[in-house]
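Asks: Based on what follows, work out the 3D shape:
(2 chains)
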Amino acid sequence: MTPLRVCEACNRHVLVSEQSCPFCSAALGPAPERVFGKRVRAGMSRAQIFAVAATVTSPALGACSDTVTRDDDGNAGANAGHGGDGSGTGGAATGGSAGTAGAAGTLGGSGGEIFVPEYGGVFPLDSGTDEDAGEEIDIPIYSAPNPRE
Amino acid sequence: MQGRRGNDVAATDPLSREERAELLGKPRPRHLPVAPVAPPARRHLPLADEAREVDRTARPNHAVWEITLACDLACRHCGSRAGHARPEELTTEQCLDLVRQMSELGVREVTLIGGEAYLREDWLEIVRAIRAHKMQPTITTGGRGIDEARARAAKAAGLLTVSVSIDGLEATHDRLRGLAGSHAAALAAMKHLQGAGVPTSVNTQINRLSMPELPELLELIAAHGAHSWQIQLTVPMGRAADEPDVLLQPYDLLALFPMLAKLRERCDELKVRFFPGNNVGYFGPHEPTLRGHVISGHASSCKAGQRTLGIEADGTIKGCPSLSTAAWGGGNIRDHSLRDIWERSAALRYTRDRTVNELWGYCRSCYYADHCRAGCTWTSDVFFGRPGNNPYCHHRALEHERAGKRERLVKVESPPGQPFDHGRFEVIVEDMKGTQP
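Replies: Numbering: from 1, shown residues only, chains lettered A, B, ... in the order given. From the prediction side, this is the model:
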């Protein structure tokens, strides 16, 4: 599956193979690569995956508006991202927490998505189980934004 | 059409003032029983002889479990037509064994739903068992019966968070929920839960009644301490299929999605986590904003049977809780182990095997077909009786608008009146010019 990137001119997702945006015709430069590594593993809870997204998309990590990612196996992932740095893509100004950067695609085969089934409700604020506390994951499990802290 | 303002987010109402008044005052349809008794579970469904590698690799991290179909509300948009318990709901012993099996399969989070989960006398025993197996117990509720004592008991049992359903401001919510006072009860439930130390979030159905109230609703739930807001589009399953006038038309998405993007920004300001349900899509210019919480920054194909597990109170196993029982039930936990049903039933294998060749209609030739695969399987299925063509898509509405067209959904077949049933709709493509906005 060909990964996607975001056209900075119109904020639409487009295939990284495109030379110009099929929606607004803007020229698309080469998509720089960024390696995030295997941050999402099989068996992670939705809260943990959310925590990964929070770290990956953090402006402090330099999540940029136009990256393609690869996991440790060299599999290209998708990318997205509108800058928390205000660097241009239309929907950027989301209180500085914007910046979505991508590592979709394979992520070591474990999936980097948070499935939100209707009727399912929202996952807890933190991972919440004793098991999680001792799990060796290269992300801060409790880094998900906690609005009541 | 009229504008409303809840904060600085302007909202558009797809209904005229007269249409809204008529729809709010419209009585409940009476041609079907309000709460039908569910048919007995289908048993001894066939399974494939062996699991494949793809079946062993796929593992659910989230299970949504209807532990009873009994309910203290009879919501007019309820997909399961809840009210009465199913004929053969699982016993406590069977439930506890299912908890063990979920844990062994790799489930990390279990959301209990109904009906109303708390109407099962053993619901807290199930919560405790989920916690004991190091999974995360949560519930989704209408909140009518959550008082101080029940909230304290839930906290003591280890319930981690509760998602309370609030579908608009008071008049709209009470109309959709079919009971005056249900809005106040939902807010009171949030208060009781938070008082007991249980964090609360809110989930909201978006339809023609609730759509213009979303900005004001966000302010309301933030003021009532919601830590997250999950939104989803009302689709025609169960009772919602009996009242198609309430449903959004595809062209309503043209006004809805810019509003949702602004609401996402407002959520950031209010420190309310924003989660669009999987049938809120797809791939329009606001996608990176709406799915800023997803690592890829965009929606992907349906993960029913890949990451998500749905369970009905009689032990029927599905890939997603929303999917209709008849077509998507893969087997019964009384007949097979959870692992065997997960790995070897055709219904749960569906999304593991499907390709773009199974798409049809607009989605078949869509630019995003390979990534999206028509998005939410449930939405396509309940509109058209088969998956693979999803009319609730912002990209699709934009492309039609660009061509001067719009799509309109027309009900051509009514549902029979069973839990999780659906009718059938046809999509009409018509010129935008000269039509009502």
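Asks: Sort out which residues of stretch A:16-26 are buried, please.
Replies: Buried residues in stretch A:16-26, counted by 16 or more other Cβ atoms under 10 Å in any protein chain shown: A:16, A:18, A:21, A:23. All C-beta atoms are positioned from the backbone trio N, CA, C, and that covers glycine.
Asks: The spatially closest residue to B:N61 that is not a sequence neighbour: what's it in contact with?
Replies: Take B:N61 and drop its neighbours on the chain: the residue closest to it by Cβ to Cβ, 6 or more residues apart in numbering or on different chains is B:R108, 4.8 Å away. Shown in contact with B:R108 (Cβ atoms under 8 Å, 6 or more residues apart in numbering or on different chains): A:43-46, A:48, A:129, B:61-62, B:135-136.
Asks: Wait, B:R339 touches B:V107, no?
Replies: No - in this structure B:R339 lies outside contact range of B:V107 using Cβ atoms under 8 Å: 11.3 Å.
Asks: re earlier: lowest-confidence one in the contacts of B:R108?
Replies: Ranked by pLDDT, the contacts of B:R108 bottom out at A:T129 (43).
Asks: Distance-wise, check the closest residue to B:L187 other than its chain neighbours relative to chain A.
Replies: Counting by Cβ to Cβ, 6+ apart, B:L187 lies nearest to B:H224, which is 5.7 Å off, once chain neighbours are set aside. Taking Cβ to the nearest Cβ, to the nearest Å as the measure, B:H224 falls 13 Å from chain A.
Asks: B:H224 contacts B:A188, doesn't it?
Replies: No - the pair B:H224 and B:A188 does not pass the contact test of Cβ under 8 Å, sitting 9.8 Å apart.
Asks: and B:D431, how far is that from chain A?
Replies: B:D431 is 22 Å from chain A, by Cβ to the nearest Cβ.
Asks: go on, B:S414?
Replies: 22 Å.
Asks: where does the closest residue to B:L45 other than its chain neighbours land on pLDDT?
Replies: Of all residues not flanking B:L45 in the chain, B:G331 sits nearest, at 4.8 Å (Cβ to Cβ, 6+ apart). Note for B:G331: predicted pLDDT of 98.
Asks: Next: B:L15.
Replies: 97.
Asks: That one: what's it in contact with?
Replies: Here B:L15 is in contact with B:23, B:208-209, B:212 (Cβ under 8 Å, 6+ apart).
Asks: Just the ones in strands from the contacts of B:R108, please.
Replies: Judged by DSSP state E, these include B:62, B:136 as members of strands.
Asks: Tell me the pLDDT of the residue nearest to B:L187.
Replies: pLDDT, B:H224: 98.
Asks: What of A:T100?
Replies: Predicted confidence (pLDDT) for A:T100: 33.
Asks: Just the endpoints, please. Distance across stretch B:145-161?
Replies: Using Cα to Cα, to the nearest Å, the span of stretch B:145-161 from its first residue to its last is 16 Å.
Asks: Kindly report the same for stretch B:381-394.
Replies: Stretch B:381-394 end-to-end distance (Cα to Cα) = 18 Å.
Asks: do stretch B:53-69 as well
Replies: Per Cα to Cα, the first residue of stretch B:53-69 is 35 Å away from its last.
Asks: tell me which residues in that stretch are buried?
Replies: Those would be B:55, B:58-69, for stretch B:53-69 by 16+ other Cβ under 10 Å.
Asks: Longest helix in the chain, by number of residues?
Replies: Since no chain was named, I'll use chain A. For chain A, the helix with the greatest residue count under DSSP state H is helix A:46-56.
Asks: try again with chain B
Replies: Every helix in chain B considered (DSSP H), the longest is helix B:253-270.
Asks: and that helix, which residues are buried?
Replies: So helix B:253-270, judged by 16+ other Cβ under 10 Å, has buried residues B:253-268, B:270.
Asks: Return that helix as PDB; C-alpha atoms alone will do.
Replies: C-alpha atoms of helix B:253-270 as PDB (Å, rounded to 0.1, in the frame of the first residue of the first chain):
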ATOM      1  CA  LEU B 253     -21.300  16.400   6.000                       C
ATOM      2  CA  LEU B 254     -20.100  19.500   3.900                       C
ATOM      3  CA  ALA B 255     -21.200  21.700   6.900                       C
ATOM      4  CA  LEU B 256     -20.500  19.200   9.600                       C
ATOM      5  CA  PHE B 257     -16.800  18.500   9.000                       C
ATOM      6  CA  PRO B 258     -15.500  22.100   9.200                       C
ATOM      7  CA  MET B 259     -17.500  22.400  12.400                       C
ATOM      8  CA  LEU B 260     -16.000  19.300  13.800                       C
ATOM      9  CA  ALA B 261     -12.500  20.500  13.000                       C
ATOM     10  CA  LYS B 262     -13.200  23.700  15.000                       C
ATOM     11  CA  LEU B 263     -14.600  21.700  17.800                       C
ATOM     12  CA  ARG B 264     -11.500  19.600  17.900                       C
ATOM     13  CA  GLU B 265      -9.500  22.800  18.400                       C
ATOM     14  CA  ARG B 266     -12.000  23.900  21.100                       C
ATOM     15  CA  CYS B 267     -11.500  20.500  22.800                       C
ATOM     16  CA  ASP B 268      -7.800  21.200  22.900                       C
ATOM     17  CA  GLU B 269      -8.500  24.500  24.600                       C
ATOM     18  CA  LEU B 270     -10.800  22.800  27.100                       C
END
